[in-house]
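In: dropping a prediction and its sequence here:
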Amino acid sequence: MKKFAIWIIVILFSASFVSLVLSHARGEEKEMTYVEMKEPLTTVTDTVATVHDTITAVKAHVGYQEIDYPTPKFDRDAVNDVRGVILHHTAEPTVDRSLEILTTRVKSVSTHVVIDTNGTRYILAKPEKITYHAGLSILDGRENCNNFTIGIEFQGNTLVEPLTENQIYSAIEYLKPIIKKYDIPIENIVTHEMVRAAYMKKYPHKKCSGKVDITQKEYIRFMNALKSSLSDSG
């Protein structure tokens, strides 16, 4: 009977020991699994970061978005003798409203490009088209600036809010190849107010309605950025 009792104790002790060993082994296995999983997770995170950086770099290379938004309001009987650029602001609350005015018969005005606050460019006409943005105007001694200039409309009102950085650099991105192609002198990139003032100076008795298009402060800011970019390009 004593021997039987001893064997029972030995069996129970052995079973407990084996259970303890197995439990410990499973614990180590869980720990090993946890440790081994850390590396794949880090790799996934690094991969996502790399993809994000690549997408950012591609966006920077491609530049600002351009959307074709053709206007029917342009001169079909003549070609633009591109020698200058006139800067405007839309003075409208939304880009949709600006585009409506510039592409429908709401008003008899049009332009070549509208640049939204996020830098998106709406292309209303190609540079060789004559659009109706300058009105009574003189630039470099020549009247009727529509016939030899490109019109750029910045969405917004610079009397209230300055141009955004995106607007400035999107306009520069748009202008640089045009400046090069048509050999436009830097002094021929002006504001609507400047060409209107030149006209009024020559014809002081003529009625010339107007509004401030691009404040002088924003014009100087834009031109400084443009000159710097042209200088960096060589």
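Out: Now that the structure is in, tell me what you want to look at.

In: list the contacts of Glu128.
Out: Neighbour list for Glu128: 79-80, 82 [criterion: Cβ atoms under 8 Å, 6 or more residues apart in numbering]. C-beta coordinates here come from the backbone N, C-alpha and C atoms, glycine included.

In: for these, give me JSON lines that also has secondary structure.
Out: Below are those laid out as JSON lines (DSSP: H, G, I helix; E, B strand; the rest coil):
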{"residue": "Val79", "secondary structure": "coil"}
{"residue": "Asn80", "secondary structure": "coil"}
{"residue": "Val82", "secondary structure": "coil"}
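
In: now those residues: which count as buried?
Out: The neighbour-count criterion (16 or more other Cβ atoms under 10 Å) marks 80, 82 among the contacts of Glu128 as buried.

In: following element in sequence after the helix or strand of the chain with the lowest mean pLDDT, please.
Out: Across the helices and strands of the chain, the lowest-confidence element by mean pLDDT, DSSP states H and E is helix 2-62, at a mean of 39. Where DSSP states H and E defines the elements, the next helix or strand beyond helix 2-62 is strand 66-68.

In: following element in sequence after that following strand, please.
Out: As assigned by DSSP H and E, the chain's next helix or strand after strand 66-68 is strand 84-89.

In: may I have the secondary structure class of Pro111?
Out: Not quite, residue 111 is Thr, not Pro. Thr111 - assigned by three-state DSSP - is coil.

In: what about it, distance to Ile101?
Out: Noted for Thr111: a distance of 10 Å to Ile101, by Cβ to Cβ, to the nearest Å.

In: ok so, going back, could the contacts of Glu128 go into JSON lines alongside distance to Glu143?
Out: Listed next are these as JSON lines, based on distance: Cβ to Cβ, whole Å:
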{"residue": "Val79", "distance to Glu143": "18"}
{"residue": "Asn80", "distance to Glu143": "15"}
{"residue": "Val82", "distance to Glu143": "16"}
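
In: redo the contacts of Glu128 as TSV? Include distance to Ser231 and pLDDT.
Out: Supplementary listing: the contacts of Glu128 in TSV, determined by distance: Cβ to Cβ, whole Å; pLDDT from 0 to 100:
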residue	distance to Ser231	pLDDT
Val79	31	98
Asn80	27	98
Val82	22	98
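
In: from the contacts of Glu128, which is closest to Glu165?
Out: Distance to Glu165 across those (Cβ to Cβ) is lowest for Val82, with 26.6 Å.

In: just to revisit the earlier point, so which of Thr111 and Ile101 has more stuff around it?
Out: Shown here are Thr111 and Ile101; by other Cβ atoms under 10 Å, Thr111 has more neighbours (26 against 18).
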